[in-house]
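Asks: just to be clear, the model below is a prediction. Sequence and coordinates:
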Amino acid sequence: MEQLAILIGTLIAILIAIVIFKINIGISLFLGTLFFGLMTQPLHNMPSTLFSTLTNETTILLIVISIEIVFFVNIYSTTKMIDEAQSYIMTKVRKPKLIAVTIPSFLGLLPIAGGALLSAPFVDKIGNDLGLNKGEKVFINVWYRHTLLFACPINDALVLTVALTSIKLSDLISGLLPSMFIMFTCGYPLLMKRKRHITTEFVEQHSSGMSLVPFLSAVIVATILSVVLNMGLYGIVLGTATGIIGVLLISKPKGASILRSFMDKRTLTITLVLYSAMLLRGLIINTSIPASINTFSLVLPPLIIEILLPFFLGYMLASISGAIALSFATFASGIASTIHDVALIYGSAFIGYTVSPFHLCLVFTAEYLKTNVMSAYKYMLPAATVTIASLIALTFV
């Protein structure tokens, strides 16, 4: 139990560092993990453990994927192809209610910093015609930015979950799809109950469907290779690379743009989070903590832990990767046993992160609409409850 107490203390220290002192989440996780290792492992073992984790095939693939995803998102945005893709979607869909969910959902698949501000103007304009209040518009914009991302194969949090649990990506996505569908339907009643006559005007913009090719090719290739052909992380690497090549061939960006897109501090942060997660998992395996957790789970039902712990971490950290790293690398190592258990832990962390008041998508949207973050909670919390309930129900199937 002493080692478990050290782990709990380390987690609390990490949370304090991130939430209160605003220390970078990657640095906080790495230093916390290093401290835990020094407290629970022989000192002479640490250098070899650090090196073996860094050179581990899964760790290398995770780092490559994270670098690819950040670069792909940046170059897609820098070349303005994302703006063209958004315009193209609007000219083809043309139905305001569908656009209100389509634009946030599409942009949400590409985790662009401040991306909520790109879709907020469209949701605001269409929301006015539909008679939505500010809280409802905040909810629609934030919620639909995360519905399709929930089970997207190029979601780095999903990739990390697969790596930490050693399960097939195809199995996990299959376990998440029913809840993703329910999550998607949770917001639509707000759009259906409003005015019959919608006056939204669409400005014709010159945009080509070619702007969607890189994004679609990345998702399709990654899905086929990873899910259908069971290539796992290698499929994600190749799928994301396909999208990057597509952007470079179609937009032909200059060298300066490519360099700026590659030199992003988020790459270092995500890399540190991924490496720390793999390191922490490896350290815990060599301790008595998994056995202690199994004993602890006899007192508190595992289902409760699988819901509350990851939700709390996602809510407090406002980082899905950080919440996943801590959830699966620590307590979940002695609890999760089935695909649906893993899906519940992942889903609880994801929903906790989505509704967190520290979540930048929520903060940015509320600021744009000149309202309080809490104005969306009336709609967001019931939707979150229904989504988590669906994940719970699936564990009994």
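Replies: Okay, I see it.
Asks: what is the burial count for residue 256?
Replies: 9 (other C-beta atoms under 10 Å). Where you see a C-beta, it was placed from the backbone N, CA and C, and this is true even at glycine.
Asks: equivalent analysis for the one 10 residues further on, please.
Replies: Counted with other C-beta under 10 Å, the burial measure for residue 266 works out to 15 neighbours.
Asks: apart from its neighbours in sequence, what residue is nearest it?
Replies: Here the nearest residue to residue 266 in space, its sequence neighbours aside, is residue 70; by C-beta to C-beta, 6 or more residues apart in numbering that works out to 5.4 Å.
Asks: secondary structure element for that neighbour?
Replies: Applying DSSP states H and E as the criterion places residue 70 in helix 57-78.
Asks: convert the C-alpha atoms of that helix to PDB, please.
Replies: Extracted in PDB, the C-alpha atoms of helix 57-78 (Å, rounded to 0.1, in the frame of the first residue of the first chain):
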ATOM      1  CA  GLU A  57       8.400   0.400 -30.600                       C
ATOM      2  CA  THR A  58       5.000   1.600 -29.300                       C
ATOM      3  CA  THR A  59       6.500   4.800 -27.800                       C
ATOM      4  CA  ILE A  60       8.300   5.600 -31.100                       C
ATOM      5  CA  LEU A  61       5.100   5.100 -33.100                       C
ATOM      6  CA  LEU A  62       3.100   7.200 -30.700                       C
ATOM      7  CA  ILE A  63       5.600  10.100 -30.900                       C
ATOM      8  CA  VAL A  64       5.700   9.800 -34.700                       C
ATOM      9  CA  ILE A  65       1.900   9.900 -34.900                       C
ATOM     10  CA  SER A  66       1.700  13.000 -32.600                       C
ATOM     11  CA  ILE A  67       4.300  14.900 -34.700                       C
ATOM     12  CA  GLU A  68       2.400  13.900 -37.900                       C
ATOM     13  CA  ILE A  69      -1.000  15.000 -36.500                       C
ATOM     14  CA  VAL A  70       0.200  18.400 -35.300                       C
ATOM     15  CA  PHE A  71       2.100  19.100 -38.500                       C
ATOM     16  CA  PHE A  72      -0.900  17.900 -40.600                       C
ATOM     17  CA  VAL A  73      -3.300  20.200 -38.700                       C
ATOM     18  CA  ASN A  74      -0.900  23.200 -38.900                       C
ATOM     19  CA  ILE A  75      -0.100  22.900 -42.600                       C
ATOM     20  CA  TYR A  76      -3.800  22.300 -43.500                       C
ATOM     21  CA  SER A  77      -4.600  25.500 -41.600                       C
ATOM     22  CA  THR A  78      -1.600  27.600 -42.800                       C
END
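Asks: report the mean per-residue pLDDT for that helix.
Replies: For helix 57-78, mean pLDDT rounds to 88.
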